[in-house]
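**Q** Turn this into a structure:
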Amino acid sequence: MTSFGLKIIAIISMFIDHLGYAWFKRTTGMNLIGRLAFPIFAFQISEGYIHTNNLKKYFLRLFIFALISQIPFLLFRSTFTTEFSLNIFFTLFFGLFTIFLYDKLTNNSFSLMKNIKIDAFFKHFFAILCLLIIGILAEVAKFDYGFYGILIIFTFYVFRNIKILMYISFIIASIIRYFLLIYTNSYTNFNIFLMIFSILPLIFINIYNGKQGRKIKYFIYAFYPIHLLILYFIFRT
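**A** The predicted structure follows:
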């Protein structure tokens, strides 16, 4: 499966997920399908970092669409909740920033560090510390998917060459996330099914062939705020 195929699956499942929330105002079976979307987008961020020809433009593009999408995102959420949250582009932007920091710290690529000898253990320690700080920020600022979102982007990148560790770390993170939701009574035991479906994207990621396929970059970026606005105007009360 190409990157194009993964993105189409993610877009369709995301739309079904959002349609379910807007229509029923609660978690339903439609949101089980929606669990496929974010892990695939998170995986694509890791792939994007590896293959992009211009990292600065990649950062800028994510940030601009984070700003553009925030009002449509809040309007959409107002159809079923009053809770504030920052849209998924903020999560993707800071997830990308986290793997950027990890890459630079562990490879001693920062210009200020090139002449400083730092033990490999401390390089990884500082990189993990950055992950924790950004993850906590994601929770405090109420990013969509919060710490979990930052973490799985990070693990998809760090373990990209060791597939079994990438899969295991993702499964463990997903299990912990949904059991915490159940423990805090944020949702019902339906989270067990949500947890199972959140792991299913690994099936599609596993058959990814590393090729881009058809380019639909800006379609994906534009689809997010546009479909949120459409759902808002259809289902607003």
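**Q** which ones are touching the residue nearest the centre of the chain?
**A** Nearest to the mean C-alpha position of the chain, by CA atoms, centre = their mean, lies Ala42 at 4.0 Å. With contact taken as CB atoms under 8 Å, 6 or more residues apart in numbering, Ala42 is in contact with Leu92, Gly95, Gly149, Ile152, Ile153, Phe156. For the C-beta atoms, the positions are set from N, CA and C on the backbone; glycine is no exception.
**Q** Can you verify my assumption that the third one contacts Pro39?
**A** No - between Gly149 and Pro39 there is no contact, the gap being 9.6 Å when judged by CB atoms under 8 Å.
**Q** Surely Met208 and Leu6 touch.
**A** Careful, residue 208 is Tyr; it's not Met. Yes - contact criterion CB under 8 Å: Tyr208 and Leu6 qualify, at 6.1 Å.
**Q** Which residues are in contact with the residue nearest to Tyr102 when sequence neighbours are not counted?
**A** Using CB to CB, 6 or more residues apart in numbering and skipping the chain neighbours, the partner closest in space to Tyr102 is Ala127 (4.4 Å). By CB under 8 Å, 6+ apart, the contact set of Ala127 is Leu101, Tyr102, Leu105, Thr106.
**Q** got the residues you listed as CSV, with neighbour count columns?
**A** Formatted as CSV, the contacts of Ala127 follow (neighbours: other CB atoms under 10 Å):
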residue, neighbour count
Leu101, 19
Tyr102, 20
Leu105, 21
Thr106, 14
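**Q** Show me what secondary structure element comes after the helix or strand that Leu67 is a member of.
**A** Using DSSP states H and E, Leu67 sits within helix 55-77. Per DSSP H and E, helix 55-77 leads on to helix 88-106 as the next helix or strand towards the C-terminus.
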